[in-house]
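Undergrad: predicted model and sequence follow; I will ask about them next.
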Amino acid sequence: MALFGKPQYSTVTVKKKDIPKDLWTKCPKTGEIIYNRVLKENLMVVPSSGYHFPLKARDRIASMLDEGSFEEMDMGVSSLDPLEFNATSSYPEKLKQNQAKTKETDTVISGVGTMGGTRVSIAVMDFRFMAASLGSAAGEKLTRTIERGTAEKIPVIIVSASGGARMQEGILSLMQLAKTSAALARLSEAGMPYFSILTNPTMAGVMASYASLGDVIIAEPEALIGFAGPRVIKETTQQDLPAGFQTSEFLLDRGLIDLIVPRLEMRDRLINLIKALYRPQKAKAS
């Protein structure tokens, strides 16, 4: 030992601030730590547990439609401030903050594209924008999506994720429930199928209107679906709620929804449903 002397060690201090952010995500279901790149490649679904994280609207559209087929519509539709709502911050300021955060003008992205070669009219809600609350702009985009399906005689797909009506627009927000429901009635009269996809969470006025009016209602696994939240219901009724109350699985057992489909299987399942329920109408000879 005298020949070699005292061993020398070098130490490296890693400070918390030196660790890159947004590299890993913890699964709420199992506690597993997942590399974010793997999670994104798997459409924000944890491979081992199947837990579904929220998915950006544009990523969802890309995962569902044929590559390169999406044509966005109604991009100029955005909310105003008809009630001059002002709380901790004004409504216009709130909109600007969410537009900067999400790079979107409002809650809904809408347009047309093809799915398995079949043209569809589609709208997807993005929960990142004010909890995907339903305001006048979102209601207008959804209504136009439905009306395109009626006019072009093509299937309509709406992917919902929402905390409910947007309080900053008051009664104008609630009017969107009747507006979208009336448009769906006309779509039904035209004989075109409507596929409603419910993701976590789909609540309140959205669930009480167009989200629950699909010819086929599909939910992602373990999504929270209902009108009022479980805590509010428990406090109101003063009763303990059943296990799994207001989850996709609970509602499937009771017949409120038709299918539970994991996100990675959604495109293929929808293509099969479209083939089963939709018959393109031939153009009439002149």
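TA: Received the coordinates, thanks. Computed from a predicted structure; not experimentally measured.
Undergrad: the one helix or strand residue 99 maps to: which residues count as buried?
TA: Residue 99 belongs to helix 91-102 when elements are defined using DSSP states H and E. Within helix 91-102, the residues scored as buried using 16 or more other C-beta atoms under 10 Å are 91, 94, 95, 98, 102. C-betas here are computed from N, CA, C, even on glycine.
Undergrad: mind listing what the second one touches?
TA: I take that to be residue 94. 130, 168 (C-beta atoms under 8 Å, 6 or more residues apart in numbering).
Undergrad: state the distance from it to residue 66.
TA: To residue 66, residue 94 is 36 Å away according to C-beta to C-beta, to the nearest Å.
Undergrad: now the third one
TA: For residue 95, the distance to residue 66 equals 33 Å [C-beta to C-beta].
Undergrad: ok, the buried residues of helix 91-102 vs residue 48, which is closest?
TA: residue 102 (29.1 Å; C-beta to C-beta).
Undergrad: if I look at that closest one, what pLDDT would I see?
TA: Per-residue pLDDT puts residue 102 at 88.
Undergrad: likewise residue 193?
TA: Residue 193 is given a pLDDT of 95.
Undergrad: got the phi/psi numbers for it?
TA: phi -80, psi 150 (degrees, to the nearest 10).
Undergrad: so what's it closest to, chain neighbours aside?
TA: Leaving out its chain neighbours, the residue that sits closest to residue 193 by C-beta to C-beta, 6 or more residues apart in numbering is residue 277, at 4.4 Å.
Undergrad: is that neighbour in contact with residue 216, as I believe?
TA: Yes. Here residue 277 reaches residue 216: they are 7.3 Å apart, a contact under C-beta atoms under 8 Å.
Undergrad: so between these two, which is more surrounded?
TA: residue 216 (19 against 14; other C-beta atoms under 10 Å).
Undergrad: all strands for the stretch 101-250 of the chain, in order.
TA: 108-115, 118-125, 156-162, 194-202, 216-219 (DSSP state E, counting those that start in this stretch).
Undergrad: mind putting those strands into a markdown table with distance to residue 182?
TA: A markdown table is the format used below for the strands of the stretch 101-250 of the chain (distance: least, C-beta to C-beta, whole Å):
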| stretch | distance to residue 182 |
| --- | --- |
| strand 108-115 | 18 |
| strand 118-125 | 16 |
| strand 156-162 | 14 |
| strand 194-202 | 13 |
| strand 216-219 | 19 |
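Undergrad: most packed of the ones you listed?
TA: strand 156-162 (a mean of 27; mean count of other C-beta atoms under 10 Å).
Undergrad: give the pairing partners of it; include direction for each.
TA: If you go by DSSP bridges, strand 156-162 pairs up with strand 118-125 (parallel), strand 194-202 (parallel).
Undergrad: find residues that contact each of residue 277 and residue 216.
TA: residue 193.
Undergrad: and the strands of the stretch 101-250 of the chain: which comes nearest residue 72?
TA: Closest among the strands of the stretch 101-250 of the chain, once you apply C-beta to C-beta, is strand 108-115, at 4.2 Å.
Undergrad: what angle do strand 194-202 and the closest one make with each other?
TA: 140 degrees (axes from the mean of the first three to the mean of the last three C-alpha atoms, to 10 degrees).
Undergrad: which residues are contacting strand 108-115?
TA: Outside strand 108-115, the residues touching it (C-beta under 8 Å, 6+ apart) are 57-58, 61, 64-66, 69-74, 119-126, 137-138, 141-142, 144-145, 148, 152, 154, 157, 267, 270-271, 274.
Undergrad: got a PyMOL select line for the buried ones in those?
TA: Restricted to buried positions by 16+ other C-beta under 10 Å, the PyMOL selection for those reads:
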select buried, resi 57+58+61+64+65+66+70+73+74+119+120+121+122+123+124+125+126+137+138+141+142+144+145+148+152+154+157+267+270+271+274
